[in-house]
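Asker: give the three-dimensional model of this entry:
(one chain, ligands or ions: 2)
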Amino acid sequence: MSEGCALLLVGCGKMGGAMLDGWLAAGTASRVVVVEPSGLPESVRGNPAVSAATGPADLPSGFVPDVVVLAVKPQVMDTVLPGYRPLVRPGTVFLSIAAGKTIGSFESLLGADAAAPELSIVRSMPNTPAAIGRGMTVAVGNAAVTPSQRTLCDALLRAVGDVAWVEDELLLDPVTAVSGSGPAYVFLMVEAMAKAGEAAGLPAELAMRLARATVAGAGELMHQSPTPAADLRKAVTSPNGTTQAALDVLMAGDGLQPLMDRAIAAATRRSQELAR
Ligand SMILES: NC(=O)C1=CN([C@@H]2O[C@H](COP(=O)(O)OP(=O)(O)OC[C@H]3O[C@@H](n4cnc5c(N)ncnc54)[C@H](OP(=O)(O)O)[C@@H]3O)[C@@H](O)[C@H]2O)C=CC1
Ligand SMILES: O=C(O)[C@@H]1CCC=N1
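Answerer: Residues are numbered from 1 along each chain as shown. Ligands and ions are numbered 1, 2, ... in the order given. Take a look at the predicted model:
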């Protein structure tokens, strides 16, 4: 279904660029036009399937995208999107990856009646492991999205990792807080483990090497094993051993859980604010 789709990518920074590499590697898009102030990223220069445009008025003549991927920052979406109104047509689906921006806001920015059957919009939230095909994306579509458009968007998102579809758009705020922003929390944990290792006497370089390898190895173990995370944790924890001593701190009433609860709540609130 998705073979050979024509794609317009608006914004090719960290996230758009990572996804573009995945689509080209998987062959999910056969023709891509990229609108990005810095031009085409290095990784796609010279690829005959990809061309650059400076804006909506500069698209190749006769180019009719099946999908318009919106990958600019939420803060500039309101100024950028109205320029793409002429692309609204029954066969084209708009696929956003922007944090916070709601389906309702896209409907008004694209200038179509919210009830217009031809304005197909999918709002999604990927994450940066998409760069290595190990992303996690959650998506929700409006009523106008046809089964084939949903299949097409699913194929694009699946080319860079796993995909879950939800019916309730409000879930996208906590989704953003958990999986969209989540990689940053894990990288911070590596930094914190390395710093704590240094404080305990390890040379800085060795501490960072241990922290990085441990988080990467534990992540890969979890990826390859169907065992629940709590059981993987218990398998490390010998009764009255070293892990137990650390977990008594991390799992105390003032340990990791209340901290994570606050962090996720703050990110969820920020996602809700970005909608305004
Ligand atoms: N980074 C992440 O982990 C994730 C990001 N997202 C979402 O992805 C979107 C992009 O984020 P991210 O890739 O991190 O940000 P980036 O800043 O790396 O990418 C956005 C790109 O859009 C470009 N841009 C600005 N104005 C225009 C325009 N008028 N037309 C086309 N391109 C334009 C920017 O160029 P310039 O820098 O020159 O302004 C920039 O290169 C955001 O909406 C974010 O919420 C979603 C999930 C995860
Ligand atoms: O920080 C942000 O707003 C974006 C959305 C999720 C990850 N990065």
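Asker: run the chain-centre distance for the longest helix along the chain.
Answerer: The longest helix of the chain (DSSP state H) is helix 204-224. Offset of helix 204-224 from its chain centre (Cα atoms, centre = their mean, to the nearest Å): 22 Å.
Asker: what's the answer for stretch 53-62, then?
Answerer: 26 Å.
Asker: can you check stretch 56-68 too?
Answerer: On the basis of Cα atoms, centre = their mean, stretch 56-68 sits 24 Å off its chain's mean C-alpha point.
Asker: ok, and for that stretch, which residues are buried?
Answerer: Buried residues in stretch 56-68, counting neighbours by 16 or more other Cβ atoms under 10 Å, are found at 56, 59, 65-68. For glycine as for every other residue, the C-beta is placed from the backbone atoms N, C-alpha and C.
Asker: and for stretch 202-209?
Answerer: Neighbour-count burial for stretch 202-209 flags 202, 207-208 (criterion: 16+ other Cβ under 10 Å).
Asker: from those, which are also near ligand 1?
Answerer: Among the buried residues of stretch 202-209, none lies close to ligand 1 by the criterion of Cβ under 6 Å from any ligand atom.
Asker: give me the residue ranges of this protein where confidence is low.
Answerer: By pLDDT under 70, the low-scoring segments of the chain are 1-3, 112-117.
Asker: again, 50 this time
Answerer: When residues are selected by pLDDT under 50, those of the chain lie in 1-2, 114-115.
Asker: with adjacent residues omitted, what lies nearest to the closest residue to ligand 2 within the stretch 101-250 of the chain?
Answerer: Using Cβ to the nearest ligand atom, the closest approach of the stretch 101-250 of the chain to ligand 2 is made by Gly180 at 3.3 Å. Among residues not flanking Gly180 along the chain, Met125 sits closest, at 4.6 Å (Cβ to Cβ, 6 or more residues apart in numbering).
Asker: does the residue in the chain sticking out farthest from the centre count as helix, strand or coil?
Answerer: Farthest-out residue of the chain from its mean C-alpha position, per Cα atoms, centre = their mean: Asn240, at 40.1 Å. Following DSSP: H, G, I helix; E, B strand; the rest coil, Asn240 is assigned to coil.
Asker: can you pull the contacts of the residue nearest to Gly180?
Answerer: 97, 99, 137-139, 172, 175-176, 179-180 (Cβ atoms under 8 Å, 6 or more residues apart in numbering).
Asker: what of Leu40?
Answerer: Residues in contact with Leu40 (Cβ under 8 Å, 6+ apart) are 12, 34, 50-52.
Asker: what would those look like in a markdown table with secondary structure, distance to ligand 2 and neighbour count?
Answerer: Output for these, formatted as a markdown table (DSSP: H, G, I helix; E, B strand; the rest coil; distance: Cβ to the nearest ligand atom, whole Å; neighbours: other Cβ atoms under 10 Å):
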| residue | secondary structure | distance to ligand 2 | neighbour count |
| --- | --- | --- | --- |
| Cys12 | coil | 16 | 26 |
| Val34 | strand | 20 | 23 |
| Val50 | strand | 24 | 22 |
| Ser51 | strand | 27 | 15 |
| Ala52 | strand | 24 | 16 |
